[in-house]
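Enquirer: sequence first, then the predicted structure, then my questions.
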Amino acid sequence: MDEELHRIREMKMKEMLEVMATKKHPDVIHIDEANFQKVITSHPSVVIDFWAEWCGPCRMVGPIIEKLAQEFGGKVVFGKCNTDQNPRITTRFGISAIPTLLLFSHGTMVQRIIGAYPEESLRAQVIRAFGSQT
(Lines give C-alpha, C1' and ligand atoms only; values in the text may rest on other atoms or scores of the structure.)
Protein backbone atom coordinates (compact mmCIF):
# COMPACT_ATOMS: atom_id res chain seq x y z
CA MET A 1 0.00 0.00 0.00
CA ASP A 2 2.78 2.47 0.93
CA GLU A 3 4.71 1.65 -2.24
CA GLU A 4 1.64 2.24 -4.39
CA LEU A 5 0.96 5.58 -2.69
CA HIS A 6 4.59 6.60 -3.18
CA ARG A 7 4.43 5.63 -6.87
CA ILE A 8 1.23 7.66 -7.38
CA ARG A 9 2.76 10.69 -5.65
CA GLU A 10 5.88 10.47 -7.80
CA MET A 11 3.79 10.19 -10.95
CA LYS A 12 1.62 13.20 -9.99
CA MET A 13 4.68 15.28 -9.11
CA LYS A 14 6.24 14.49 -12.48
CA GLU A 15 3.02 15.48 -14.27
CA MET A 16 2.82 18.76 -12.35
CA LEU A 17 6.43 19.64 -13.15
CA GLU A 18 5.89 18.91 -16.84
CA VAL A 19 2.82 21.15 -16.95
CA MET A 20 4.64 23.95 -15.14
CA ALA A 21 7.60 23.72 -17.50
CA THR A 22 5.48 23.96 -20.65
CA LYS A 23 3.06 26.71 -19.62
CA LYS A 24 3.89 30.39 -19.65
CA HIS A 25 1.71 32.07 -17.05
CA PRO A 26 2.93 35.57 -16.36
CA ASP A 27 1.44 36.96 -13.22
CA VAL A 28 -0.48 40.18 -13.07
CA ILE A 29 1.75 42.55 -11.11
CA HIS A 30 0.48 44.21 -7.94
CA ILE A 31 0.96 47.96 -8.51
CA ASP A 32 1.37 50.38 -5.62
CA GLU A 33 3.05 53.69 -4.78
CA ALA A 34 6.41 51.96 -4.32
CA ASN A 35 6.68 50.22 -7.69
CA PHE A 36 4.42 52.19 -10.06
CA GLN A 37 7.08 54.35 -11.73
CA LYS A 38 9.55 51.48 -12.03
CA VAL A 39 6.97 49.22 -13.68
CA ILE A 40 5.86 51.74 -16.31
CA THR A 41 9.42 52.79 -17.18
CA SER A 42 11.12 49.40 -17.15
CA HIS A 43 8.67 47.70 -19.55
CA PRO A 44 7.88 48.96 -23.05
CA SER A 45 4.17 48.04 -22.92
CA VAL A 46 2.15 48.12 -19.70
CA VAL A 47 -1.58 47.88 -18.94
CA ILE A 48 -2.68 48.85 -15.43
CA ASP A 49 -6.16 48.00 -14.19
CA PHE A 50 -7.36 50.50 -11.57
CA TRP A 51 -9.96 48.76 -9.41
CA ALA A 52 -11.43 48.44 -5.92
CA GLU A 53 -12.63 45.50 -3.87
CA TRP A 54 -16.21 46.82 -3.66
CA CYS A 55 -16.54 47.45 -7.41
CA GLY A 56 -18.74 44.87 -9.18
CA PRO A 57 -17.64 45.73 -12.75
CA CYS A 58 -14.01 45.54 -11.57
CA ARG A 59 -14.57 41.93 -10.54
CA MET A 60 -15.81 41.23 -14.07
CA VAL A 61 -12.69 42.76 -15.66
CA GLY A 62 -10.22 41.04 -13.30
CA PRO A 63 -10.34 37.58 -14.91
CA ILE A 64 -10.07 39.17 -18.36
CA ILE A 65 -6.89 40.98 -17.29
CA GLU A 66 -5.44 37.69 -16.03
CA LYS A 67 -6.28 35.95 -19.30
CA LEU A 68 -4.79 38.76 -21.41
CA ALA A 69 -1.65 38.72 -19.25
CA GLN A 70 -1.17 35.07 -20.20
CA GLU A 71 -1.98 35.70 -23.85
CA PHE A 72 0.39 38.65 -24.22
CA GLY A 73 3.03 37.23 -21.85
CA GLY A 74 6.48 38.52 -22.62
CA LYS A 75 5.12 41.33 -24.78
CA VAL A 76 2.78 43.34 -22.56
CA VAL A 77 2.97 43.58 -18.77
CA PHE A 78 -0.35 43.71 -16.90
CA GLY A 79 -0.79 45.17 -13.44
CA LYS A 80 -3.58 45.89 -10.97
CA CYS A 81 -3.71 48.97 -8.76
CA ASN A 82 -6.22 49.16 -5.91
CA THR A 83 -7.55 52.72 -5.94
CA ASP A 84 -8.50 52.65 -2.25
CA GLN A 85 -4.96 51.73 -1.23
CA ASN A 86 -3.17 54.04 -3.70
CA PRO A 87 -4.94 57.42 -3.69
CA ARG A 88 -1.89 59.37 -4.93
CA ILE A 89 -1.65 57.39 -8.17
CA THR A 90 -5.43 57.58 -8.58
CA THR A 91 -5.39 61.37 -8.14
CA ARG A 92 -2.32 61.82 -10.35
CA PHE A 93 -4.14 60.26 -13.30
CA GLY A 94 -7.55 61.77 -12.53
CA ILE A 95 -9.26 58.42 -12.11
CA SER A 96 -12.83 59.11 -11.05
CA ALA A 97 -14.54 55.96 -12.32
CA ILE A 98 -13.49 52.34 -12.08
CA PRO A 99 -12.58 50.07 -13.61
CA THR A 100 -10.15 52.23 -15.56
CA LEU A 101 -7.32 50.76 -17.59
CA LEU A 102 -4.30 52.90 -18.39
CA LEU A 103 -2.00 51.76 -21.18
CA PHE A 104 1.62 52.93 -21.08
CA SER A 105 4.18 52.76 -23.86
CA HIS A 106 7.76 53.40 -22.74
CA GLY A 107 6.55 55.20 -19.61
CA THR A 108 4.03 57.44 -21.36
CA MET A 109 0.29 56.94 -21.07
CA VAL A 110 -1.09 56.27 -24.55
CA GLN A 111 -4.66 55.24 -23.81
CA ARG A 112 -7.34 55.30 -21.11
CA ILE A 113 -10.20 52.78 -21.08
CA ILE A 114 -13.01 53.54 -18.65
CA GLY A 115 -15.58 50.88 -17.83
CA ALA A 116 -16.02 47.14 -18.07
CA TYR A 117 -15.61 45.91 -21.63
CA PRO A 118 -15.76 42.37 -22.99
CA GLU A 119 -12.56 40.43 -23.51
CA GLU A 120 -12.55 40.82 -27.30
CA SER A 121 -12.83 44.59 -27.04
CA LEU A 122 -10.02 44.88 -24.50
CA ARG A 123 -7.79 42.58 -26.55
CA ALA A 124 -8.38 44.71 -29.65
CA GLN A 125 -7.61 47.92 -27.78
CA VAL A 126 -4.35 46.48 -26.40
CA ILE A 127 -3.31 45.42 -29.90
CA ARG A 128 -4.26 48.81 -31.32
CA ALA A 129 -2.34 50.69 -28.62
CA PHE A 130 0.86 48.69 -28.84
CA GLY A 131 0.77 47.68 -32.50
CA SER A 132 3.68 45.55 -33.58
CA GLN A 133 4.97 45.23 -29.99
CA THR A 134 2.20 42.70 -29.30
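Expert: Ah, there it is. Numbering: from 1, shown residues only.

Enquirer: what about residue 44, how many residues nearby?
Expert: Residue 44 sits with 14 neighbouring residues when counted by other C-beta atoms under 10 Å. C-beta here means a position set from N, CA and C on the backbone, and glycine is covered the same way.

Enquirer: ditto for residue 119
Expert: Counted with other C-beta under 10 Å, residues neighbouring residue 119 total 14.

Enquirer: so what's residue 57 closest to, chain neighbours aside?
Expert: residue 116 (3.7 Å; C-beta to C-beta, 6 or more residues apart in numbering).

Enquirer: the one you found contacts residue 60, doesn't it?
Expert: Yes - when contacts are counted by C-beta atoms under 8 Å, residue 116 is listed as touching residue 60 (5.0 Å).

Enquirer: which one's more surrounded, those two?
Expert: Ranked by neighbour count (other C-beta under 10 Å), residue 116 and residue 60 place residue 116 first, with 18 against 13.

Enquirer: isn't there a helix covering that one?
Expert: No - Residue 116 is assigned coil when assessed by DSSP: H, G, I helix; E, B strand; the rest coil, not a helix.

Enquirer: correct me, but residue 69 touches residue 27?
Expert: Yes - using C-beta under 8 Å, residue 69 is in contact with residue 27, at 7.2 Å.
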